[in-house]
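> sequence first, predicted coordinates after that:
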Amino acid sequence: MASTEGLVPITRAFLSSYYDKYPFSPLSPDVSRLSDELHSLATALHHDRPLPQGESSLVHEAGCQPPHKIDENMWKNREQIEEILVLLERPRWPKVLQQQLTAEDAELASALGRLKDKLQNTLKILESFQASNSDFVFNTVMTYMPQDFRGTLIRQQKERSERNKLAEVEALVSNGGSIRDRYALLWKQQMERRRQLAQLGSATGVYKTLVKYLVGVPQVLLDFVRQINDDQGPMEEQRQRYGPSLYSLTKLALNIRLFLSLSWWSFDARKLQRDQLSMLEEAVDVYTSEFERFVKFIREVFANSPFFITAEEAGVLEAGNSDEYKEINVPAGKTHEVSLLVDSINSYIAWDFSLGQGKVSMFYPHISEIMRFGANFLYKYQAQDIGFSIEYTNHLGQKTLILPYRRYESDQGNFCTIMAGNYKLVWDNSYSTFFKKVLRYKVDCIPPVVEPAPSANEEHDV
């Protein structure tokens, strides 16, 4: 578990200074030029004819502003590339073009094959970036998680959740869902991942019992995952800095698809002209090269960006929050017990405790004992430790020792329960004749983490 001592989450101000070191070279002016020209050509193809529903929706989408979030734009580009690749498949060509009756048709078919190869390569680069970036963020967060059952449970939750998401996508595709439907679902799932990350930070949802009272999970990590994607949080600086270039690429991808879709729709009446094909080829060349350059750049920015910085760098100092701990005095000759009723097996019992400065109890050793043992007497009885053990009691009242008695100055631990019943944590100061112990502790019973079943509305919302 990496240390977060002295660190705070990155701030927008820090990212602003960090991004100053990573200026993105402006896009080629051909991006906006070709986007506008393709949009004008597409408009000319349908200005005097009513459009089918699918093409009409595409015209509307191409006229809207791209999404604001960086990752949503990445998904949108991926969707448009896949849609264009489908249009470039031979079965989707106009029937007369499929027959390749003329030399011009053969030339066009060859050009379409080259466009397909370029876009397929760009799609692979984008998919690789998204997968590696997702793994990087999750693994970095897990680096700061305690390397015990907490990290294991969160990894298991993620794996189970990803399997469910994949099955959901496969079910949609097998039922005839469109590319648009699939990417709407993929983005919905991406937002669910973001909500789960925020839940980890604010200890809500499936993570509530796992994190809120857990020992050892750094508060700085919880703060980071809670606020990183806020609309005005640290990532807004990234959107302001690099978003406009990506938005332009998103619009170009949409206009490439729009022009190609309307060209196929009107092909029988208006064949694709040589100059129009040249413009389409140039647009795909510019789009793929500039988009790949942007992905390579943003990958480097992400890889080198820190998640945490020192409080001095952030200009703030956070005071430690100890509200979740309890502090009690365990008198000399006494014990302190905490009972936890466990309803489910595979729950976890977790604890964390330490001792403050011990103090002499209300009655003092006889003066003759002090004179007999000398100055070491008081030091001897101020030894800072306390006995600790855990026992289990079943419904018949039968007791089993879970954690054998031992004396500690402090301890942190957990175990998985294999039986329901009562678990008693005992701090024992009975061996101390004169000194009470100041015990600072927190304990909790964490039930098994189970991902909630989707609601009826969610099951039908695709």
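All right, it came through fine. Since we're looking at a predicted model, the values are computed, not measured. Numbers count the residues shown, from 1 in each chain.
> flag every buried residue along the helix or strand S354 falls within.
In the assignment (DSSP states H and E), S354 maps to strand 348-355. In terms of neighbour count (16 or more other C-beta atoms under 10 Å), strand 348-355 has its buried residues at 348-355. For the C-beta atoms, the positions are set from N, CA and C on the backbone; glycine is no exception.
> which stretches of the stretch 51-200 of the chain aren't confidently modelled?
For the stretch 51-200 of the chain, the stretches flagged by pLDDT under 70 are 140-151, 196-200.
> I figured T433 was touching G333, is that so?
Yes - because the distance of 7.0 Å satisfies C-beta atoms under 8 Å, T433 is recorded as touching G333.
> give the residues shared as contacts by those two.
With C-beta atoms under 8 Å, 6 or more residues apart in numbering applied, the contact sets of T433 and G333 do not overlap.
> okay if I get the buried residues of strand 348-355 as JSON lines plus distance to P94 and pLDDT?
Compiled in JSON lines, these are given as follows (distance: C-beta to C-beta, whole Å; pLDDT from 0 to 100):
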{"residue": "Y348", "distance to P94": "63", "pLDDT": "83"}
{"residue": "I349", "distance to P94": "69", "pLDDT": "87"}
{"residue": "A350", "distance to P94": "66", "pLDDT": "86"}
{"residue": "W351", "distance to P94": "71", "pLDDT": "89"}
{"residue": "D352", "distance to P94": "70", "pLDDT": "88"}
{"residue": "F353", "distance to P94": "75", "pLDDT": "90"}
{"residue": "S354", "distance to P94": "76", "pLDDT": "90"}
{"residue": "L355", "distance to P94": "82", "pLDDT": "89"}
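> which among those gets closest to Q53?
Ranking these by separation from Q53, with C-beta to C-beta as the measure, puts Y348 on top at 53.6 Å.
> so where do the strands sit in this protein?
Across the chain, reading from the start of the chain, the strands by DSSP state E fall at 7-9, 308-310, 326-330, 335-342, 348-355, 359-360, 386-393, 399-408, 410-416, 421-428, 435-446.
> most tightly surrounded among the ones you listed?
Each of these was assessed for mean neighbour count using mean count of other C-beta atoms under 10 Å. The highest is strand 7-9, with a mean of 23.
> my read: S266 touches D48, true?
No - with contact defined as C-beta under 8 Å, S266 and D48 do not form a contacting pair (10.5 Å).
> show me which of the two is the more surrounded one.
Shown here are S266 and D48; by other C-beta atoms under 10 Å, S266 has more neighbours (19 against 6).
> who's in contact with the more buried one?
If you count contacts by C-beta under 8 Å, 6+ apart, then S266 has 45-46, 49 around it.
> what would those residues look like in a markdown table with pLDDT and neighbour count?
Below are the contacts of S266 laid out as a markdown table (pLDDT from 0 to 100; neighbours: other C-beta atoms under 10 Å):
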| residue | pLDDT | neighbour count |
| --- | --- | --- |
| L45 | 86 | 22 |
| H46 | 82 | 17 |
| R49 | 76 | 10 |
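> quick one: which of these is nearest V338?
Of all the contacts of S266, H46 has the smallest distance to V338: 73.1 Å, by C-beta to C-beta.
> circling back: which of the strands of the chain has the lowest mean pLDDT?
Of all the strands of the chain, the minimum mean pLDDT falls on strand 359-360 (a mean of 48).
> now W93. Nearest residue, chain neighbours left out?
Leaving out its chain neighbours, the residue that sits closest to W93 by C-beta to C-beta, 6 or more residues apart in numbering is W264, at 6.9 Å.
> picking that back up, mind checking the strands of the chain for the one nearest to N77?
Distances from N77 to each of the strands of the chain were compared using C-beta to C-beta; the minimum, 28.7 Å, belongs to strand 7-9.
> re the thing from before, now the strands of the chain as TSV including distance to E72?
What follows is those, written out as TSV (distance: least, C-beta to C-beta, whole Å):
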stretch	distance to E72
strand 7-9	22
strand 308-310	26
strand 326-330	44
strand 335-342	43
strand 348-355	37
strand 359-360	59
strand 386-393	49
strand 399-408	49
strand 410-416	39
strand 421-428	46
strand 435-446	34
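> nearest to S28 among these would be which one?
Between S28 and those, the tightest spacing by C-beta to C-beta is seen for strand 308-310, at 34.9 Å.
> now for the residue lying closest to S389 once chain neighbours are set aside: which residues touch it?
Once its chain neighbours are removed from consideration, S389 has its nearest residue in Y405; the separation is 4.2 Å (C-beta to C-beta, 6+ apart). Y405 sits next to 387-389, 428 when contact means C-beta under 8 Å, 6+ apart.
> and the residues you listed, which is closest to L87?
Relative to L87, the closest of those is F388; by C-beta to C-beta it sits at 68.8 Å.
> so the closest one sits against R406, correct?
Yes - using C-beta under 8 Å, F388 is in contact with R406, at 6.4 Å.
> run through the residues that contact E168.
Taking C-beta under 8 Å, 6+ apart as the criterion, E168 is in contact with 185, 189.
> L97 too?
For L97, the residues meeting the contact criterion (C-beta under 8 Å, 6+ apart) are 105, 108-109, 267.
> repeat the analysis, applying 6 Å as the threshold.
Residues in contact with L97 (C-beta atoms under 6 Å, 6 or more residues apart in numbering) are D105.
> separation between it and D268?
Counting by C-beta to C-beta, to the nearest Å, the gap between L97 and D268 amounts to 10 Å.
> do V438 as well
88 Å.
> repeat that for G413.
As it turns out, when the distance is counted by C-beta to C-beta, G413 lies 75 Å from D268.
> do S410 as well
The span separating S410 from D268 equals 81 Å under the rule C-beta to C-beta.
> with D411 instead?
Using C-beta to C-beta, D411 is found at 80 Å from D268.
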